[in-house]
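# sequence plus the predicted model coming up.
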Amino acid sequence: MSSSIIASIQSDLTLYGYSITMVFGNIGNIFVVIILSRQRENACSIYLLSAAVVNIIYLTFYGFIQIFPVNYRDVTTTAYVLCKIYLYIAGILGQLAKTLLVLASIDRFLVTNRHVLVRRYSTPKRAKYLVFFGFIFWLLLSIHLPIMTTIVNGQCTGVGIYVTIRAIYVLIFVGLFPIITLSIFGFLTYRNMKQLHNRIRPTANNADTPMQRRDRDLLKLVISETVVYLITAGPYPLMFLETMISLYVVPNKSIQYSQIEVFMLNIVTFILFINSAAPFYTYIIASKSFRHDFTRIIINGYRKIIRLFV
């Protein structure tokens, strides 16, 4: 693949891919905020609602940073301070959204547990505290990004041993930790649900309460978003791992090798970007209740508009 073709694909991906994803992702996340804001007395809803807000900020910020250089000069590769701020803010927002999904998965495990004492750990008040502490945690843990990154050959990147350190950081906190945690608590929640189903089978004629239905719907949302995360986030840390290994295996990279490596990194970065835009569309597919709430919002909004002009 020639350099001109790679450059053309990257330009189109940045201009059209990020623009479309940012617009539709923000529209979807706004609807998630509207729908889940009516269920703020539920801990899981607070996590997913907070994640939607973070996703809106992340999509807008990171999307404009990617799109702007297509027609204008990329200031993050010339302005030393902006280079550091850009990576720091993007790092905080990206990791916070993943953490909130992990917390939502843990919450589903808590509420499906048969022990009352365990279920009591799932409270809206505790959820709000954890959202706040999650933000502070990533505010501190991501501090290495503005400290260690700089502008090298027109790129906002790390140098020397920090390339390896950041690759390990991404592998752990973007790949291994979220994926392993989501998989473990997803399995444990499934086991809890199966045990609960076996216990209540003799009284199957008992109808579900609204609370039980809502908890089950929220579980569907978390599981569906977990699956999407595994698909969209998995390639990103693997690409960083390849970059780290190639530093030692291929110390003198050819220009074409480096171009392909940067191209592939841009592809997996875009796929990871899609993850922040996907929740609403994932929820629509996974949950009948969520579809019903969305339809009701559209109908009510349409009626209000009609009343304004009639």
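Here it is on my side, so go on. Everything numeric in this text was worked out from a predicted model, so none of it was measured. Residues are numbered from 1 along each chain as shown.

# now do the buried residues in stretch 240-252.
Within stretch 240-252, the residues that qualify as buried are Phe240, Glu242, Thr243, Met244, counting by 16 or more other C-beta atoms under 10 Å. For the C-beta atoms, the positions are set from N, CA and C on the backbone; glycine is no exception.

# hey, where'd the strands end up in this protein?
With strands called from DSSP state E, the chain shows them at 150-152, 155-157.

# so which of these gets nearest Ile284?
Of all the strands of the chain, strand 155-157 sits nearest to Ile284, with 36.0 Å by C-beta to C-beta.

# and that closest one, what's buried?
Using 16+ other C-beta under 10 Å as the test for burial, strand 155-157 gives Cys156, Thr157.

# could you list the low-pLDDT ranges of the chain?
Within the chain, the ranges that satisfy pLDDT under 70 run 1-3, 69-79, 154, 197-214, 310.

# 50 - rerun?
Along the chain, segments meeting pLDDT under 50 span 204, 211.

# middle-most residue in it, spatially?
Closest residue to the average C-alpha location of the chain: Ser276 at 4.4 Å, with C-alpha atoms, centre = their mean.

# quick one, what contacts it?
Contact partners of Ser276, counting by C-beta atoms under 8 Å, 6 or more residues apart in numbering, are Gly25, Asn29, Asn55, Tyr58, Leu59, Gly94, Ala97.

# right, and the fourth one touches Gln95 too?
Read it as Tyr58. No. Under the criterion of C-beta atoms under 8 Å, Tyr58 is not in contact with Gln95, lying 10.1 Å apart.

# who's more crowded, these two?
Set Tyr58 next to Gln95 and count neighbours by other C-beta atoms under 10 Å: Tyr58 wins out with 25 against 22.

# contacts only, for the more buried one.
Tyr58 is in contact with Ala90, Leu93, Gly94, Ala97, Ser276, counting by C-beta under 8 Å, 6+ apart.

# quick one: those as CSV, columns for distance to Gln10 too.
Listed next are these as CSV, based on distance: C-beta to C-beta, whole Å:
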residue, distance to Gln10
Ala90, 18
Leu93, 23
Gly94, 21
Ala97, 25
Ser276, 20
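
# which of those residues has the largest number of neighbours?
Of all the contacts of Tyr58, the most densely surrounded is Ser276 (27 neighbours; neighbours counted as other C-beta under 10 Å).
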